[in-house]
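# below: sequence and its predicted model.
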Amino acid sequence: MRFHIVLRYVGLALLLNSILMIIASVIAYVHSDTALMPLLYSALISILFGVFPLIFVPSTSYITNKEGLLIVVLSWLLSCLVGSLPYFLYGGPFDFTNAWFESVSGFTTTGSTILSNIEALPLSLLFWRAATHWIGGIGIIIFVLSVLPFLGIAEMVLFRSEVSAMVQENFQLRARKAIQILAGIYFGLTLLQTIALLFCGMGLFDAITHSFATIATGGFSTKNASVAYYNSPAIEIVIIVFMLLSGIHFGLLFSVLVGGGKEFWRSSVVRYYLLANVVGVAFTAINIHGPIYNSWTTAIRYSAFNIISVGTSTGFATADTSIWPALSHIFLLFFASQCACAGSTSGGIKADRIVLLWKAFTRQIKKLMHPNAIIPVRIDGKAVDDELVSKSLLFINVYLGVVLLATILLVATGTDILEAFSGTIAAMGNVGPGLGSVGSIGNFDSIPTIGKWILASTMLLGRMEIYALFIFFSPKQWKKRVSY
Amino acid sequence: MGIRIKIFSGFLVLSLMLLVAGLWSIYELNSIGSSVQSILEDNYQSIHAAKIMKEALEREDSAILLLLLGKWEKGREIINSADSLFNEKLHFAMNNITIPGEHIHLEAIQADYATFKGLWERPIVGTNKEGDLDWYFQKVHSSFLAVKTSLNALINLNDERMYETATALKNRSKRAIVPGIVAIISALLFTFIFSYLINYYIVNPIIQMTKSIDLFKEKRTPFDAKIETRDEISDLASSIEHLCLSIKHRESR
């Protein structure tokens, strides 16, 4: 293990953070707000820690899988740490626990907050909150690789260490090409949404920060009432469209641009994802019409926005979903667990694994009827490797196991069971709001300190798809000479 | 990049982190000092003036009761001294407006006091007002209460501002401490990284070269030291390698 090489690459991630901190500092300077020094000092620390290894460590184009994994996990953890500095140095509602929670929630694109009065924060700090979403949305290392010149084998190792196993399966391209597609779609969508929101009457600052939060499927708003503040159907439609797009595999979005969308519509995962959202919106609208909203238009409007927001793991809100009937809560919890497609910025179990689960289930039924038959699991006509099927099923089991364990731990800290369960599902899926006091119009400030650390860890586990973080914290794995 | 620059950059990083944190803490501590000064000068002095005005007002009220009882000399003496004290403090407060909206309260005090003063300025002793308690309760007391209410509003306004400033001070004191804590932790972490890199890129190659020279000395094993960097260490390694080669060459002749 060459720690100096790890330091060099982690330093690059810190430098990326410092660039956005400097932009936030410029905003602070222009508005003469009180977050200028916290942002500048945080940027200084990020730059110093980022630049120093570049001075000492000569560049190398070869890194091992183990080093790649360590670089990715450390980049996430250290980005969250330096990302918490502006909050911690700013003070006010941020002690270290709250600053860490807010930073992890930002980078993992969860969007859960401890703030009860978001609008009281200076604009520069609000920009930094949104920027953490934007950096984390595409993946810190992917972001770094997308702005750096070609790094050779190192780039491929880092790419494979950063993206989920499902994405590796879907992206059968060279790492460079895949990164270019991911970054191109990511930056393009952000720009398009900003322009669309400006056309809908949103101010430039809000348009940029809401675009960052939408494309990263994050959910941090600059308003206490989230998107409900604008009370604008046009803004809601724009955000719905971009939330849905951000939940689709970026490679498929690229195929629409270059190939006309044949591949897009052939994808059973995309069809399932879109259909599930439509069905979810319809059933929720039926459920909330009457007891909560008298008009069908209002019921559909709120159902569409809030279900798609949760179903893409974004977490914006236009309504207090805590007052919705129990059946709607079940829908919300289902979508908060499933989320959107692999290869997007979304978190959660992912629609791909749900489709695989269903296909594996139907294969098992067929196998019971024809015990000697060899029946492969097929997706879009292609046979899926059995190892990937079993990996996916194991992932779902481990995912639900972590949710259960974190819920038990949260309840043990004195948190109400509904808030503990929904909060954990929302944190693990990187969705944001749960139910009850941690719901769409609530916040996580009332959660005990230890509970906030549990939730923040759950967010990181969800973002790194569990295994990477477990390997990182498992000393045995670092002693063995194994390749991942 | 040379070793000198690398080592210098390490110390520069450390110094920068500590220097900026130190300067920031000094700035915050200075701001705390200014805030304390502002609490004392702006708010506390206004509250103190309002309290003295209240005391003077109460003395005037007592003096009016003495006048109603026909004690002209004693009553006038108290009322005049209380009036001049009230006016002195009102003048002070008018020149110490530091909070938005404070002037509205002061103007109200001024107006209410003028009404109150209008009631006792005219003769009481020897007129039909002497002994007239109904007149006192209907006119004088209600007017007295109006001035007192305005004075209380001024005190509350300054109290609230004092509380706000004290809360901000608490936050400021945290801000003065936190950069120091962050700088110390960062400096410790940085020292660890710095010493690791110095060890890896400077100390280890020197040890390797020493071992290789020893081996050359004892067994004439070719000099071999893997140097990853291109700095003085790699120059030294290359010079030693040349030296060893030339010694070997000379010996073989």
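That came through, no problem.

# what sits against residue B:221?
B:212, B:215 (C-beta atoms under 8 Å, 6 or more residues apart in numbering or on different chains). (Glycine included, C-beta is placed from N, CA and C.)

# would you agree it falls within a strand?
No - counting by DSSP: H, G, I helix; E, B strand; the rest coil, residue B:221 is not found in a strand; it is coil.

# tell me the pLDDT at residue 188?
Answering for chain A, as no chain was given. On pLDDT, residue A:188 comes in at 93.

# try again with chain B
Value for residue B:188, per-residue pLDDT: 91.

# what does residue A:352 give?
pLDDT, residue A:352: 89.

# output the below-cut-off pLDDT ranges for the stretch 51-200 of chain B.
Along the stretch 51-200 of chain B, segments meeting pLDDT under 70 span B:125-126.

# pull up the residues of it that are close to chain A.
When proximity is defined by C-beta under 8 Å from any C-beta of the partner chain, the stretch 51-200 of chain B lies next to chain A at B:171, B:174-175, B:178-179, B:182, B:186, B:189-190, B:193-194, B:196-197, B:200.

# contacts for the one helix or strand residue B:75 maps to, please.
According to DSSP states H and E, residue B:75 maps onto helix B:72-94. Contact partners of helix B:72-94, identified using C-beta under 8 Å, 6+ apart, comprise B:45-46, B:49-50, B:52-53, B:56-57, B:59-60, B:62-64, B:66-67, B:106, B:109-110, B:113, B:117, B:120, B:124-126, B:154.

# can you show me the CA trace of that helix as PDB?
The C-alpha trace of helix B:72-94 is given here as PDB (Å, rounded to 0.1, in the frame of the first residue of the first chain):
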ATOM      1  CA  TRP B  72     -45.800  74.400  48.700                       C
ATOM      2  CA  GLU B  73     -42.200  74.900  49.700                       C
ATOM      3  CA  LYS B  74     -41.200  71.300  50.200                       C
ATOM      4  CA  GLY B  75     -43.200  70.200  47.200                       C
ATOM      5  CA  ARG B  76     -41.700  72.800  44.800                       C
ATOM      6  CA  GLU B  77     -38.200  72.000  46.000                       C
ATOM      7  CA  ILE B  78     -38.500  68.300  45.300                       C
ATOM      8  CA  ILE B  79     -40.400  68.700  42.000                       C
ATOM      9  CA  ASN B  80     -37.900  71.200  40.600                       C
ATOM     10  CA  SER B  81     -34.800  69.100  41.400                       C
ATOM     11  CA  ALA B  82     -36.600  66.000  40.000                       C
ATOM     12  CA  ASP B  83     -37.600  67.800  36.900                       C
ATOM     13  CA  SER B  84     -34.100  69.100  36.200                       C
ATOM     14  CA  LEU B  85     -32.700  65.500  36.800                       C
ATOM     15  CA  PHE B  86     -35.400  64.100  34.400                       C
ATOM     16  CA  ASN B  87     -34.500  66.600  31.700                       C
ATOM     17  CA  GLU B  88     -30.800  66.000  32.100                       C
ATOM     18  CA  LYS B  89     -31.200  62.300  31.600                       C
ATOM     19  CA  LEU B  90     -33.700  62.700  28.800                       C
ATOM     20  CA  HIS B  91     -31.200  65.000  27.000                       C
ATOM     21  CA  PHE B  92     -28.500  62.300  27.600                       C
ATOM     22  CA  ALA B  93     -30.800  59.500  26.200                       C
ATOM     23  CA  MET B  94     -31.700  61.700  23.200                       C
END
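
# buried residues, that helix. List them.
Within helix B:72-94, the residues that count as buried by 16 or more other C-beta atoms under 10 Å in any protein chain shown are B:75, B:76, B:78, B:79, B:82, B:83, B:85, B:86, B:89, B:90, B:93.

# circling back to that earlier point, could you flag which of the residues of the stretch 51-200 of chain B next to chain A are buried?
B:174, B:175, B:178, B:179, B:182, B:186, B:190, B:193, B:194, B:197, B:200.

# so which of the residues you listed are in strands?
Judged by DSSP state E, strands contain none of these.

# could I get the residues you listed as JSON lines with distance to residue A:276?
Formatted as JSON lines, those follow (distance: C-beta to C-beta, whole Å):
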{"residue": "B:174", "distance to residue A:276": "47"}
{"residue": "B:175", "distance to residue A:276": "48"}
{"residue": "B:178", "distance to residue A:276": "46"}
{"residue": "B:179", "distance to residue A:276": "49"}
{"residue": "B:182", "distance to residue A:276": "45"}
{"residue": "B:186", "distance to residue A:276": "46"}
{"residue": "B:190", "distance to residue A:276": "49"}
{"residue": "B:193", "distance to residue A:276": "47"}
{"residue": "B:194", "distance to residue A:276": "52"}
{"residue": "B:197", "distance to residue A:276": "51"}
{"residue": "B:200", "distance to residue A:276": "52"}
